[in-house]
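1. Starting from these lines, generate the structure:
(one chain, ligands or ions: 1)
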Amino acid sequence: MHHADVIIAGAGPAGSTAALVLARRGFDALLLDKAAFPRPKLCGGLLTWKSMRLLERLHGRTAEGLIREGVVDTVAGGFALHLGGHPLIRDRLAYPFHLVRRARFDAFLLDRALAAGARILHHHEIVDCSPQGDVRTKQGEFRGRFVLGADGVNSVARKCFGLSRERWQSNLAAAIEITVPREAAPRITDVPELHAGFLPTGYGWVFPNSAGMVMGICGLRRNCENFREAFKAFLRHLHVDDPDAFVRHHALEGHPIPYGNALPDPVHGNVLLAGDAGGYADPLLAEGIFYALLTGWYAGEALADALEKDRHPGPAYRERIRRHVMPEMRGANRLRWLLYGLNKIDARNLGRYFRLRGGALAEMVHGMRSYDWGRKKRWDF
Ligand SMILES: Cc1cc2nc3c(=O)[nH]c(=O)nc-3n(C[C@H](O)[C@H](O)[C@H](O)COP(=O)(O)OP(=O)(O)OC[C@H]3O[C@@H](n4cnc5c(N)ncnc54)[C@H](O)[C@@H]3O)c2cc1C
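-> Have a look, this model is predicted:
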């Protein structure tokens, strides 16, 4: 049996951020990940203003610094929205989107945690976790004073919470994504493009990065029977002549995203959940990197305070989730049903909404305003 102050399941953005915070405060944080880093991760890699601000707070690196180090891959000063295959809006942004490639980005976050003194065991697949803090992997057994489940959307750590599987499944989105080199891409763009109007509760994207064009779709699973067909519909919107041939030629990969599953209480016994494991991706655009960084940071601080003062991390962690995360999740969920509802009545309504409220919406996406009725957002970082 191996011991640590905190066993962290999963070394994605949530796990590495918590490990960084704990190690900086002098605690023994042991990360277990089934993969060896750098590892691939299916993701569009789009970072908003709030993510860049939090990264600066955590790592003391500005956007320029992260670009210089090659952690940020691409900067896009605008965006485009397409509806039913037709361009609706193409605009510049007051603050740009930053795009990362996840293998590089996640390796950076992990390296920072390791440099601060955290430890990692690669190729350790967790198969069981008890509320007391016992973690079993295929390779050995571990015990932490506390455990942080940051093992993604299909979290094994979450199983000990005894939550309804049906409820979790019914709020999942399916996402399919491929990266196509520029010379083979059916569409070239230098700004992130969002495409609405071909999935009942979801959307598609084309994001530029240095590997080519990242093309993907994401939508609530319960409202779409066949995502392969939905992806072909998306390709038709992109004016791909032969979607069947395109799909045959490229190996499509998919991964679920929590899309309305955010847990108001991510604490059970000595186990805390952060990032996708706790369902923290917004239910409008499925932005999850920011919430993984944020909840990893909150969990790391709550755990370090608890270890220092010999108390339980639950109350402090729950409170920050309640105050800063859940209002965004609820607000984004309301907006999702409004926008998809408008689109269902008549696609032109969505266009009108964007022309009227596009600026405020961009600020909500970036996090300068809250999804909670568009109020100015005061983050605690
Ligand atoms: C197609 C797609 C596109 C996306 N695009 C964006 C985007 O553009 N912007 C954005 O903000 N979000 C996006 N997301 C969401 C984002 O990828 C996630 O929200 C984010 O990665 C969550 O981080 P995390 O640290 O919680 O989990 P993850 O990044 O999933 O990391 C979990 C880690 O746990 C490990 N693990 C899993 N199970 C086990 C186990 N049993 N034992 C040991 N280790 C385990 C994994 O190997 C992994 O390293 C996208 C998601 C998808 C699927």
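2. for the ligand, what are the nearby residues on this protein?
-> Residues of the chain lying close to the ligand by CB under 6 Å from any ligand atom are 9-15, 32-35, 41-46, 125-126, 150-152, 156, 175, 177, 216, 255, 257, 275-277, 281, 286-290, 292. C-betas here are computed from N, CA, C, even on glycine.
3. Can you flag the buried ones in those?
-> 9-15, 32-35, 41-46, 126, 150-152, 156, 175, 177, 216, 255, 257, 275-277, 281, 286-290, 292 (16 or more other CB atoms under 10 Å).
4. Spell out the residue ranges of the helices in the stretch 251-381 of the chain.
-> Along the stretch 251-381 of the chain, the segments classed as helices by DSSP state H, counting those that start in this stretch run 289-309, 314-320, 326-345, 347-366.
5. So which of these is the most surrounded?
-> Across the helices of the stretch 251-381 of the chain, the average number of neighbours (mean count of other CB atoms under 10 Å) peaks for helix 289-309, which reaches a mean of 25.
6. between it and helix 347-366, how big is the angle?
-> 30 degrees (axes from the mean of the first three to the mean of the last three CA atoms, to 10 degrees).
7. Which elements pack onto helix 289-309?
-> Applying 3 or more CB pairs under 8 Å, 6 or more residues apart in numbering; DSSP states H and E, one finds that helix 289-309 contacts strand 2-9, helix 13-24, strand 46-47, helix 49-59, strand 141-149, strand 271-273, helix 314-320.
8. try 6 Å
-> helix 13-24, helix 49-59, helix 314-320 (3 or more CB pairs under 6 Å, 6 or more residues apart in numbering; DSSP states H and E).
9. starting at the chain centroid, how far to the first one?
-> Averaging C-alpha coordinates over helix 13-24 and over its chain gives two centres that are 16 Å apart (CA atoms, centre = their mean, to the nearest Å).
10. Just checking: what are the partner strands of the following helix or strand past that helix?
-> The helix or strand immediately downstream of helix 13-24 is strand 29-32, counting by DSSP states H and E. Paired neighbours of strand 29-32 in the sheet (DSSP bridges): strand 2-9 (parallel), strand 119-121 (parallel).
11. just those strands: most buried one?
-> strand 2-9 (a mean of 24).
12. I'd guessed D372 sits against A332; true?
-> No - with contact defined as CB atoms under 6 Å, D372 does not count as touching A332 (8.9 Å).
13. List the contacts of R143.
-> M1, H3, G133, D134 (CB atoms under 6 Å, 6 or more residues apart in numbering).
14. Now with 8 Å, please.
-> By CB atoms under 8 Å, 6 or more residues apart in numbering, R143 lies in contact with M1, H2, H3, A4, I7, G133, D134, V135.
15. for this structure, longest strand please?
-> Identified as the longest strand of the chain according to DSSP state E is strand 86-99.
16. Restricting to C-alpha, output it in PDB.
-> The C-alpha trace of strand 86-99 is given here as PDB (Å, rounded to 0.1, in the frame of the first residue of the first chain):
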ATOM      1  CA  HIS A  86     -25.000  30.200 -44.200                       C
ATOM      2  CA  PRO A  87     -22.700  32.900 -42.700                       C
ATOM      3  CA  LEU A  88     -24.500  34.900 -40.100                       C
ATOM      4  CA  ILE A  89     -21.900  37.000 -38.300                       C
ATOM      5  CA  ARG A  90     -18.200  37.400 -38.700                       C
ATOM      6  CA  ASP A  91     -16.700  39.900 -36.200                       C
ATOM      7  CA  ARG A  92     -13.600  41.000 -34.400                       C
ATOM      8  CA  LEU A  93     -13.400  40.500 -30.600                       C
ATOM      9  CA  ALA A  94     -12.200  43.000 -28.000                       C
ATOM     10  CA  TYR A  95     -10.200  40.100 -26.500                       C
ATOM     11  CA  PRO A  96      -9.000  37.200 -28.700                       C
ATOM     12  CA  PHE A  97      -9.500  33.500 -28.300                       C
ATOM     13  CA  HIS A  98      -6.400  31.500 -27.600                       C
ATOM     14  CA  LEU A  99      -6.100  27.900 -29.000                       C
END
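17. Adjust the sequence numbering to begin at 36 for everything that follows.
-> Got it, the first residue is 36 from now on, which makes the last one we talked about strand 121-134.
18. now it, how far from the centre of its chain.
-> Counting by CA atoms, centre = their mean, strand 121-134 comes out at 20 Å from the chain centroid.
19. Report the strands that pair with it, each with its relative direction.
-> In its sheet, and by DSSP bridges, strand 121-134 pairs with strand 81-82 (antiparallel), strand 109-118 (antiparallel).
20. Let me know which of those is tucked in deepest.
-> strand 81-82 (a mean of 24).
21. Residues in contact with it: which ones?
-> With CB under 8 Å, 6+ apart, strand 81-82 has contacts from L90, V107, F132, H133, L134, V135, P227, F242, E322, I324, F325.
22. Now the weakest link among the strands paired with strand 121-134, please, by mean pLDDT.
-> With a mean of 94, strand 109-118 has the lowest mean pLDDT of the strands paired with strand 121-134.
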